[in-house]
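>>> Generate coordinates for the sequence data below:
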Amino acid sequence: MQWSPEDSLVVFSKIERLAIGVLLVLILLGSTSGYWLPQFWPKEVKSMDDRIAFQAEIGEWEVRNQRLIDSLAGVKAARDQRYADNREKWNRPRRNTSPSKRTWPTRKAETVSIDYSIPMPALESVDANSVDTNVLFRMGVPPKIARRWVKFRERGGNFVRKEDIGKLYGMPDSTLNRILPYLKTPDLKEKRAFPKKKPVIVDVNSSSSEELQEVRGIGAYSAERIIEYRKKLGGFISLAQVAETPGLRDSTFLKVKDQLTIVQQEPRLIRINQFSKDQLAKHPYISWKQAEIIILNRRNHGNYRSREDLLATIVLDTATVDRLMPYLDFVD
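The predicted structure is shown next:
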């Protein structure tokens, strides 16, 4: 019996057979691509120098990586060591430093020889402003308090009331209560008086520092400040200018103004048409910015001739111009 395609259970059409053939070819090509693909796209073969450079680069990277690892290990070891040291310090038994347990170095008590041949003074017979240390020692005053007592008087101090003894530094209340009955009320007539300055009249325009210090209320500091301000100003025109002295208190000026006088004399003039900016700014009544504008206005509009020319600069108000007028010289 002859076989025919109709007798097969599976029948493929012509298109299906073609597709199966193409699929088998693709499978065959894919399985052998490892062989024939490199033939079309050959790999780039690196030279020996490139390989050596690449190996050197890898070696440098390994060295740097090892250095980093060693550095981190060193930091960790140092941190662990500090932690261990601190831990040992924390675990160390501490000394009790509370106030109740604290011990202070003790000073040896000062011993003095007391002259017992000196009789104890009678009640209300000792003058606190004239008693000496021997009597104080006999009365039982501690040596350091007795020396402080006498030293206070030697520096010009006086006790107005006998209770003022208690103001001495370190005077124990027990000692004060024991010696108060022996002290008498100090005689105010015997109070030591400090030398007072005689009232004088001083010319502030010509006086030196020593002459100014003869005025009651003016010391070395105030005298130097007045003289310094007088030089910058060019001389005082009125006593009110003395009150402008930097560092001189208003209360001090009110105390000394009756002892000051001004002998009229020509002040040092400001040549407004010739002075530079630095020279103008040295005067107390002219600031640096005002001096700059005065010079600029003089350069643009010509020399100054009168008070009105200065007012035209706008930078100087009427009060400032009036204070400056006695010091100005309008000569070209």
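>>> which stretches of the protein aren't confidently modelled?
Low-confidence segments of the chain (pLDDT under 70): 1-11, 33-47, 92-112, 187-198.
>>> After the top helix by length along it, which helix or strand is next?
If you go by DSSP state H, the chain has its longest helix at helix 48-91. Per DSSP states H and E, the first helix or strand lying C-terminal to helix 48-91 is helix 133-138.
>>> Who are the packing partners of that next one?
With contacts taken as 3 or more Cβ pairs under 8 Å, 6 or more residues apart in numbering; DSSP states H and E, helix 133-138 sits against helix 143-154. Heads up, the C-betas are built off the backbone N, CA and C, glycines and all.
>>> So for the helix it packs on, what gets flagged as buried?
Neighbour counts over helix 143-154 (16 or more other Cβ atoms under 10 Å) mark 145-146, 149, 152 as buried.
>>> okay if I get those residues as a markdown table plus distance to residue 83?
Formatted as a markdown table, those follow (distance: Cβ to Cβ, whole Å):
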| residue | distance to residue 83 |
| --- | --- |
| 145 | 56 |
| 146 | 60 |
| 149 | 61 |
| 152 | 60 |
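>>> Could I get the full set of strands for the stretch 201-332 of the chain?
Secondary structure of the stretch 201-332 of the chain (DSSP state E, counting those that start in this stretch): strands located at 202-203, 260-261, 270-271, 328-329.
>>> I'd like the ones you listed written out as a markdown table, with distance to residue 303 and mean neighbour count added.
Listed next are the strands of the stretch 201-332 of the chain as a markdown table, based on distance: least, Cβ to Cβ, whole Å; neighbours: other Cβ atoms under 10 Å:
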| stretch | distance to residue 303 | mean neighbour count |
| --- | --- | --- |
| strand 202-203 | 35 | 16 |
| strand 260-261 | 37 | 17 |
| strand 270-271 | 10 | 17 |
| strand 328-329 | 11 | 14 |
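>>> Could you pull up the residues touching the most centrally placed residue in the chain?
In the chain, the centroid-proximal residue (Cα atoms, centre = their mean) is residue 247; its distance is 22.2 Å. By Cβ atoms under 8 Å, 6 or more residues apart in numbering, residue 247 lies in contact with 221-222, 225.
>>> cool, and residue 116?
Residues near residue 116 by Cβ under 8 Å, 6+ apart: residue 138.
>>> Against residue 81, how distant is it?
71 Å (Cβ to Cβ, to the nearest Å).
>>> what's the answer for residue 244, then?
Note on residue 244: its distance to residue 81, by Cβ to Cβ, is 69 Å.
>>> Have a look at those two and say which one is more surrounded.
residue 244 (14 against 10; other Cβ atoms under 10 Å).
>>> most neighbours, which of the contacts of residue 247?
Counting by other Cβ under 10 Å, residue 222 has the largest number of neighbours within the contacts of residue 247, with 21 neighbours.
>>> how is the protein carved up into domains?
133-190, 202-261, 270-329 (automatic domain parsing).
>>> Nearest to residue 253 among the strands of the stretch 201-332 of the chain would be which one?
strand 260-261 (8.9 Å; Cβ to Cβ).
>>> Mind listing the strands the closest one pairs with, and their directions?
strand 202-203 (parallel) (DSSP bridges).
>>> Might you quantify the distance of the partner strand from its chain's geometric centre?
Distance of strand 202-203 from its chain centroid, counting by Cα atoms, centre = their mean, to the nearest Å, is 41 Å.
>>> Please give me every residue in contact with residue 180.
Applying Cβ under 8 Å, 6+ apart, the residues near residue 180 are 162-163, 165.
>>> Check residue 118 too.
Contacts for residue 118 (Cβ under 8 Å, 6+ apart) come out as 134-135, 138.
>>> Give the buried subset of those as a PyMOL selection command.
Buried subset of those, written as a PyMOL selection, criterion 16+ other Cβ under 10 Å:
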select buried, resi 135+138
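>>> tell me which of the contacts of residue 118 is nearest to residue 200?
Among the contacts of residue 118, residue 135 lies closest to residue 200 (Cβ to Cβ), at 43.4 Å.
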